[in-house]
Every structure is written in C-alpha cells, then in structure tokens.
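Novice: can't give you the sequence, but here's the structure:
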C-alpha cells in the first residue's frame, strides 16, 4: 500500500485526453495448466505418476508397487512414466511413500488441466486488456489474465460494484440485466448516460458475459449499481460524489469504482472515502491522465486504490499519472499521435446519442483511452476476490489485489500491473 496524504467540480480523467478521442474510433480487428476442477480438485483422486531410476530392476519396481498397493494402468512411451492407480483420496500419502523409495526418480500427483474460460462474447477478441494474444501487435499475456481467473470464480451476484460516474445506459443489451439500482445526485433530469463515459466504465467492470453479445466484463456475474454523480457534461460537484459514496455504502456496495478526478483536496470527500472504507467497501479510483506525479483526488487518499494505466506491452501509458500515491496499474491503452499509436480499451457505449459521439465514438461499442478505463479492471478484480472469499475484509482484498500483479515498466516508483488470477491467490 502506498503512502498517501490526507472537489466544487470533478473532471473525468478522460476529459484531459478528449482532444485525442477523435483518433480512438479504430477497428483493431499461456495460461497455467494447473487449474482446480469445477469441484475444486487439482489432481486425480486415485492416480499418481511415477518414474523409476534407470537402474531399477523389474523386481524392484514390482516390489515398490506391491508395498504401496499401486497398480500400473499405463506407461507413457518415450519418457517411461508410469500411471499408477492407488487408494482413493490417498494421493499425497502415496506420492510421499513412492518418493522415499531409493529406486524412484520422482513421484507426483496426476494434476488436472482445464480449458481456460474463453467467453463467447462476439467482441472478446478485441479486449486485449482481459486476454492479450498479441492481437493488437503487443506482447501476448500483457493482460489481467481474466479467463484464467474466471476458471476459479465467475463472481457472485451478492458482490455489487457501484459505478460512480456519468450514468449507465439503461437499456444497453450488455448492461440492462446487470443494473441492480439507479440513483442520480446530479442536476441532470435522467439517470441515463448522456455523456458516454459511465457506460464504457460499467462494461469494463461487469458487462454481461458469455451471452453471445458484445463484450465481457471483468467482474463477470457481479451486478452493477448506477450512481450518477457526474452530469451530462462530464463534470460534477464534490458534494454529488460524496453523496454517491455514502448512498452506495448504505445500499451495500462491496466495491466502489470512481473513474473521476479533481485537482483540489477536500476534507468532505476524504471523510466520505474513509466512511466507506470503515464500512468495508473497497474503493478503486483512476489516477488521472496528465502524465505527471501531481496528485488527483480522491485517488490520492489513503483508503483509495489509485490505478495507473498500461499499454499492450505492459508499459506505462504515456498519459498515465504516476508517483508514490499510485498503487498499481491496469490496461488503459496508449495514444502517441506522432508515432501513429492509437490503442484503446473496447467496451460498451450508449446506444443513443451522447456527448462523446461528436468525437467519433460510436454507439453501442467502441474504444476509449485513459486511467478511467484502467480503474474498472481493478474494481472487477476486487469483486472477484470478494466472490471467491466470502466474508473477506477490505484490507485483505486490497492486499490481494495490490500484491497479485505482474511487472509493469515505466512507472516511478515501480508498480505492478493487476492480474486477476494472481489476486485470487494462485501464482
């Protein structure tokens, strides 16, 4: 956990790069094999693998099997490893017994391998932040290992992710069934998203997944709370944000995502963050897109997880803020016009007219860039951790999320890039 010190108006991190969003509407057209089974098993319950040393005689081998009540069912050719049936549910005991015999080179459980959960969402191949195969020209596996994590848990409907933003499209095909509640603290006349930002964030956090439509959401089965704290112009008062935090906790949000930032500290805002933390919520925030170490708020506060952004090579996005107050990073894209680099995060956008349409952002689905996009990746991961470990406290969740990372280049001081699989407790 990094060291952090203890708005008026809030400005979305994405607004600082709106000037480049014209270029974003593009068409971008080795998991660990040892996964638990659906029942939580990691190996066959009545089978071990044994390899004998070259000098072991047939009599030596038969004697060892007899001592352990082992029955050879198969010998794997070329490597001469024997598949041995043993007493059910005594695999570890038998492995240990075989291993102690001087004629045995090694013995081990017959581990279970499982297919990685690749969802059938039609645009999943565009979501390099969840599953990077090099489809954008980046580094394969420079991603949060979402499919590997989904093999462990697909999230719980009891773990609500509160999205404090510009609203969420109320009838989007990939979101409508995920929205559990709506609340508007702004001067807008609607809870709907007329700006376009909140819908994109919500899709990254928890779009409906494996439904043969659109995109996949990091939190998979976790539901969404639409809490509109930013108006239809993309900005909002700190008081709106503060009320949104308090309301979300009252409605039992487990994870709060705030892809928003202001440049002024506020005791009121900090008090709301601290209140939510004491109530057990995990608060995830965007670090900002100014490409500097100057703090933004609420990300700078101690009880927020401040998230920077990485590209598809696990390198700090040029726009991402950094500093000892940034806790970790997640995929957020990259844009360097002079080098012709325009790499976005693909997610849901409003199916109706919104502010971002004037910058070339399409309806229904499109790319956006920013730490605003990085933050909901981490919020979704936190929700998966809570789903996997019912009753876990927010201190432990934060520890798992911040320690469960892969190396990321370019941050000073260094931070890791979030990894959902590792955060769940698997290395």
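Specialist: On my side now, so go ahead. Owing to the predicted nature of the structure, the values given are computational and were not obtained by experimental measurement. Residues are numbered from 1 along each chain as shown.

Novice: Distance check, residue 138 against residue 85.
Specialist: Applying C-beta to C-beta, to the nearest Å, the value for residue 138 to residue 85 is 46 Å. Yep, even glycine has a C-beta here, placed from its N, CA and C like the rest.

Novice: burial of residue 120, as a residue count?
Specialist: Using other C-beta atoms under 10 Å, residue 120 is surrounded by 11 other residues.

Novice: quick one: contacts for the residue nearest to it when sequence neighbours are not counted?
Specialist: Leaving aside its sequence neighbours, residue 120 sits nearest to residue 212 (C-beta to C-beta, 6 or more residues apart in numbering; 5.2 Å). For residue 212, the contact set (C-beta atoms under 8 Å, 6 or more residues apart in numbering) comprises 120-122.

Novice: can you list those residues in a markdown table and add pLDDT and secondary structure?
Specialist: Compiled in a markdown table, the contacts of residue 212 are given as follows (pLDDT from 0 to 100; DSSP: H, G, I helix; E, B strand; the rest coil):
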| residue | pLDDT | secondary structure |
| --- | --- | --- |
| 120 | 93 | coil |
| 121 | 95 | coil |
| 122 | 96 | coil |
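
Novice: ok, back up a step: retrieve the pLDDT associated with the residue nearest to residue 120.
Specialist: Note on residue 212: pLDDT of 94.

Novice: where's it, which helix or strand?
Specialist: Using DSSP states H and E, residue 212 sits within no helix or strand.

Novice: Tell me the spacing between it and residue 122.
Specialist: In this view, residue 212 and residue 122 are 7 Å apart by C-beta to C-beta.

Novice: same question, residue 371
Specialist: For residue 371 relative to residue 122 (C-beta to C-beta), the value is 27 Å.

Novice: Which one's more surrounded, those two?
Specialist: Between residue 371 and residue 122, counting by other C-beta under 10 Å, residue 371 is the more crowded of the two (34 against 13).

Novice: residue ranges of the strands in the stretch 201-350 of the chain, please?
Specialist: Here the stretch 201-350 of the chain has its strands, by DSSP state E, counting those that start in this stretch, at 224-228, 235-236, 255-258, 282-286, 305-310, 328-331, 334-336, 341-343, 345-349.

Novice: And those strands: which comes nearest residue 320?
Specialist: Smallest distance to residue 320 across those (C-beta to C-beta): 4.1 Å, for strand 305-310.

Novice: List the contacts of residue 423.
Specialist: Contacts of residue 423 by C-beta under 8 Å, 6+ apart are 149, 381-382, 384-385, 400-401, 403-404.

Novice: List the ones among these that fall in strands.
Specialist: The members of the contacts of residue 423 all map outside strands under DSSP state E.

Novice: By neighbour count, which of these wins?
Specialist: Neighbour max across the contacts of residue 423 (other C-beta under 10 Å) = residue 381, 34 neighbours.

Novice: Give me the pLDDT value at that one.
Specialist: 98.

Novice: longest helix of this structure?
Specialist: Across the chain, the helix with the greatest residue count (assigned by DSSP state H) is helix 371-388.

Novice: mind listing what's buried in that helix?
Specialist: Within helix 371-388, the residues scored as buried using 16 or more other C-beta atoms under 10 Å are 371-388.

Novice: what's the answer for stretch 169-181, then?
Specialist: By neighbour count with 16+ other C-beta under 10 Å, stretch 169-181 contains the buried residues 169-170, 172-175, 178-181.

Novice: Which pair in those has the greatest spatial separation?
Specialist: Using C-beta to C-beta, those span at most 19.5 Å, a distance reached by 173 and 181.

Novice: coming back round to it: looking at residue 138 and residue 85, which is more packed in?
Specialist: Set residue 138 next to residue 85 and count neighbours by other C-beta under 10 Å: residue 138 wins out with 20 against 17.

Novice: Give me the pLDDT value at the more buried one.
Specialist: 96.

Novice: Does it belong to a helix, a strand or coil?
Specialist: What DSSP: H, G, I helix; E, B strand; the rest coil gives for residue 138 is coil.

Novice: excluding its backbone neighbours, what's nearest it?
Specialist: residue 312 (2.7 Å).

Novice: closest one to residue 244 among the strands of the stretch 201-350 of the chain?
Specialist: Here strand 224-228 is closest among these (C-beta to C-beta), at 4.4 Å.

Novice: Would you mark the buried spots in that closest one?
Specialist: Buried residues in strand 224-228, defined by neighbour count with 16+ other C-beta under 10 Å: 224-228.

Novice: Including distance to residue 419 and pLDDT, could those residues go into TSV?
Specialist: Formatted as TSV, the buried residues of strand 224-228 follow (distance: C-beta to C-beta, whole Å; pLDDT from 0 to 100):
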residue	distance to residue 419	pLDDT
224	23	98
225	26	98
226	28	98
227	28	97
228	31	95
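
Novice: Let me have the residues you listed in a markdown table, adding distance to residue 45 as columns.
Specialist: Formatted as a markdown table, the buried residues of strand 224-228 follow (distance: C-beta to C-beta, whole Å):
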| residue | distance to residue 45 |
| --- | --- |
| 224 | 39 |
| 225 | 42 |
| 226 | 45 |
| 227 | 47 |
| 228 | 51 |
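
Novice: Listing partners with orientation, what would you give for the top strand by length along the chain?
Specialist: Looking across the chain with DSSP E, the single longest strand is strand 43-52. Strand 43-52 has the following strand partners under DSSP bridges: strand 81-85 (antiparallel), strand 104-111 (antiparallel).
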